[in-house]
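Enquirer: I would like to see how this sequence folds:
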Amino acid sequence: MRLWPQAFLVVFAIAACGGGSPPTGAPTPSGATTAAITPADLQTRISIFADDSMGCRRTGSPGNVKGNAYIAAEVARLGLRPAGDSGSYLQRVPLTSHAVDPSKASLRAGTTALTVFEDYFPYQPTFEVPARPLDGAPVVYIGGIADTAGLPPREELQGKVVVFRSDAAGNTTVGSPDLSPDGRLGLISGIAITGVDPLIGTFGQQLRAPTLTLQSNPEVPPGVTQPRMIFLPTASVSKLLGKSLDQLRPGEAGPTLQGDVRFEPTTLPATNVAALLEGSDPALRGQYVALGAHNDAIGIVSPPVDHDSLRAYNTVMRPRGANDPPGEPSPEQSAAIRALVDSMRRERPARTDSIVNGADDDGSGSMALLEVAEALTRGGSRPKRSVLFVWHSGEESGLQGSRWFTDHPTVPRDSIVAQINTDMIARGGPKDESSRDPAYMQVIGSRRLSTELGDLAETVNREGSHEFTFDYGYDADGHPDNFYCRSDHYMYARYGIPIAFFSTGGHRDYHQ
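Expert: Here you go, the predicted model:
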């Protein structure tokens with residue numbers, strides 16, 4: 001909490017650069033927050049926005065809708081102008097959720113029933129092209145990449161489900177064969193990729209969760225389809241083919257599949273929240289400094305987990321939370337985890353929960369914007385340029401809200417002179433992996449498109465006596481974390497708009 005006011009003041013000062021005149025007619029809010037950026041105000045806001053009653057704020061969920069209503073009510077209370085659709089504070093983001101309903105998934109290999117999300121995990125790379133049905137498709141094992149050179153002609157594989165052994169190492173790659181329409185596998189009904197147990201272990205929760213897609217209206221020729229894809233745990237190979245994976249040889253046939261598994265589409269009530277503070281200078285108010293955060297979080301996890309056990313595991317095994325892959329602890333690491341859990345049990349009983357509250361990611365950035373908005377409207381000085389506040393939706397599902405806003409801006413895109421993004425700015429404790437210091441701040445992208453913006457951030461930090469230590473290491477080209485492309489600022493940068501991304505970095509509670 002100590003970090004919050006300082007971090008927000010840097011954003012506030014950059015947005016307000018150039019001075020201005022006192023605001024006219026700004027209403028005095030009736031709530032508990034004040035014009036100053038204070039820990040008490042931030043505690044008040046984050047306690048509302050990240051409360052369990054918001055139900056995780058997954059994009060388009062009832063909790064996300066409720067959270068956006070809170071933001072919209074606050075900016076209305078502060079007297080900011082609507083900058084959404086049709087004179088409102090909300091901009092609709094046309095998102096569709098594609099989910100497998102386990103009660104409707106029915107797949108059998110001969111007489112053996114296969115259970116979805118247990119024996120197999122459906123996956124679809126794109127939902128713009130229909131997937132082929134599996135019902136009535138014979139199964140055949142084709143081996144790994146080295147074996148694909150000996151595949152039979154494409155016509156002999158037409159309508160079949162091929163089982164492919166991935167040779168990829170690690171938990172982030174698949175190494176699938178060529179599935180192009182003109183290739184040997186271009187006519188198959190489906191592909192079951194096995195040998196990817198680490199990937200399933202890492203991304204099992206994501207594979208179970210709905211996939212969100214943004215409206216794109218592609219021109220797909222009539223009749224074009226794609227093979228159905230599933231990930232097959234190694235232990236399930238024998239259920240599908242009657243033999244274990246190490247006993248199979250390329251070309252061995254299995255039973256005919258019965259039934260199918262499908263992703264059902266649902267339109268989501270997803271929205272960005274956008275508000276405008278008009279600049280004080282008539283010559284400059286047509287230019288906009290955009291301040292952004294994201295209003296969504298990753299959602300509800302299933303099954304529920306014990307907070308203390310998860311935190312103990314992450315302390316030892318995943319100090320940057322979901323940024324680090326899970327792994328099997330060694331005996332020494334297991335002992336350390338048990339010791340941490342035991343120490344917590346002496347203080348309190350187990351606490352199981354399924355809601356990922358998203359207080360830091362990105363409740364901190366979202367509430368920062370409200371604090372900055374209140375400081376600018378009630379603090380005695382209005383910037384010369386206009387300030388555009390945007391709380392983007394769908395960040396966690398692929399920067400979808402910011403993509404939609406920048407593709408369909410509610411102000412002229414070429415009038416946005418800079419975008420400042422705040423995502424995960426509430427940490428800085430001694431046990432946080434990246435920072436370990438309340439004066440620590442990652443700054444990303446501030447000089448990629450404009451050295452002037454980067455210089456301004458340095459000047460504000462220095463002359464405002466904020467005394468942050470700016471870390472530019474994560475902004476290096478080729479950095480493995482690739483943070484420059486992983487938050488909403490990137491969607492502005494692709495249009496050549498100068499950006500600066502502020503974050504206090506990773507920690508053991510990230511996406512937990």
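Enquirer: And stretch 225-245, end to end?
Expert: 29 Å (Cα to Cα, to the nearest Å).
Enquirer: as a whole number, average confidence for that stretch?
Expert: In this model, stretch 225-245 has a mean pLDDT of 95.
Enquirer: Pull out the buried residues from that stretch.
Expert: 226-233, 236-237, 239-242, 245 (16 or more other Cβ atoms under 10 Å). All C-beta spots, glycine's among them, are computed from the backbone N, C-alpha and C.
Enquirer: burial measure for residue 354, as a count.
Expert: Neighbourhood size, residue 354 [other Cβ atoms under 10 Å]: 13.
Enquirer: contacts for stretch 146-163?
Expert: Contacts of stretch 146-163 with the rest of the structure, by Cβ atoms under 8 Å, 6 or more residues apart in numbering, involve 134, 137-142, 167, 177-178, 183-192, 194, 228, 232, 237, 240-241, 248, 250-251, 254, 257.
Enquirer: Return the member of the buried residues of stretch 225-245 nearest to residue 334.
Expert: Nearest to residue 334 among the buried residues of stretch 225-245: residue 233, at 23.8 Å, using Cβ to Cβ.
Enquirer: so that closest one touches residue 195, yeah?
Expert: No - between residue 233 and residue 195 there is no contact under Cβ atoms under 8 Å: 9.5 Å.
Enquirer: What's the per-residue pLDDT of the one residue sitting closest to the centre of the chain here?
Expert: Centroid-nearest residue in the chain, with Cα atoms, centre = their mean: residue 396, separated by 1.6 Å. With respect to pLDDT, residue 396 scores 96.
Enquirer: Contacts only, for the residue nearest to it when sequence neighbours are not counted.
Expert: Among residues not flanking residue 396 along the chain, residue 298 sits closest, at 5.1 Å (Cβ to Cβ, 6 or more residues apart in numbering). Contacts were defined as Cβ under 8 Å, 6+ apart; by that measure residue 298 touches 56, 58, 356, 358, 361, 396, 511.
Enquirer: Ok, residue 65 next?
Expert: 269, 271.
Enquirer: Return the set of buried residues in the host helix or strand of it.
Expert: For residue 65, the element it lies in under DSSP states H and E is helix 62-77. Within helix 62-77, the residues that count as buried by 16+ other Cβ under 10 Å are 63-65, 67-68, 70-72, 74-75, 77.
Enquirer: any idea which helix or strand comes after that helix?
Expert: Next along from helix 62-77, by DSSP H and E: strand 81-82.
Enquirer: packing partners for that following strand?
Expert: Applying 3 or more Cβ pairs under 8 Å, 6 or more residues apart in numbering; DSSP states H and E, one finds that strand 81-82 makes contact with strand 271-277.
Enquirer: End to end on stretch 101-113, go ahead and measure it.
Expert: 16 Å.
Enquirer: average model confidence for it?
Expert: 95.
Enquirer: so residue 353 sits in a strand?
Expert: Yes - the assignment for residue 353, made by DSSP: H, G, I helix; E, B strand; the rest coil, places it in a strand.
Enquirer: Which strands or helices does the strand or helix carrying residue 442 pack on?
Expert: For residue 442, the host element (DSSP H and E) is strand 440-444. Using 3+ Cβ pairs under 8 Å, 6+ apart, the elements in contact with strand 440-444 are strand 469-471, strand 499-503.
Enquirer: I'd like to know which elements the last one is packed against.
Expert: Contacts defined by 3+ Cβ pairs under 8 Å, 6+ apart place strand 499-503 against helix 3-15, strand 416-422, strand 440-444, helix 451-463, helix 489-493.
Enquirer: quick one: average confidence on the first one?
Expert: Read that as helix 3-15. 51.
Enquirer: Next: the last one.
Expert: Helix 489-493 shows a mean pLDDT of 99 in the predicted model.
Enquirer: and it, which residues are buried?
Expert: 489-493.
Enquirer: The fourth one now?
Expert: The neighbour-count check on helix 451-463 (16+ other Cβ under 10 Å) flags 453-454, 456-457, 460-461 as buried.
Enquirer: Distance from the chain centre to stretch 191-204, please.
Expert: 21 Å (Cα atoms, centre = their mean, to the nearest Å).
Enquirer: residues touching residue 498, list them.
Expert: Counted by Cβ under 8 Å, 6+ apart, residue 498 has contacts 417-419, 449-450, 452-453.
Enquirer: Closest to residue 287 out of the residues you listed?
Expert: residue 417 (4.9 Å).
Enquirer: List the contacts of the closest one.
Expert: Residue 417 sits next to 287-289, 385, 497-498 when contact means Cβ under 8 Å, 6+ apart.
Enquirer: Where does pLDDT dip in the stretch 301-450 of the chain?
Expert: Applying pLDDT under 70 to the stretch 301-450 of the chain picks out residues 429-431, 433-435.
Enquirer: What segments of it are helices?
Expert: Assignment of helices within the stretch 301-450 of the chain using DSSP state H, counting those that start in this stretch yields the ranges 307-317, 331-345, 365-378, 400-407.
Enquirer: Next, the angle from the strand holding residue 442 to helix 451-463.
Expert: 170 degrees (axes from the mean of the first three to the mean of the last three Cα atoms, to 10 degrees).
Enquirer: Who does strand 440-444 pair with, and is each partner parallel or antiparallel?
Expert: Taking DSSP bridges as the criterion, strand 440-444 sits next to strand 469-471 (parallel), strand 499-503 (antiparallel) in its sheet.
Enquirer: most packed of these?
Expert: Stretch with highest mean neighbour count among the strands paired with strand 440-444: strand 499-503 (a mean of 26; mean count of other Cβ atoms under 10 Å).
Enquirer: Show me how the record splits this protein into domains.
Expert: The chain breaks down by automatic domain parsing into domains covering 3-92+270-297+357-430+449-476+486-503, 98-266, 302-354.
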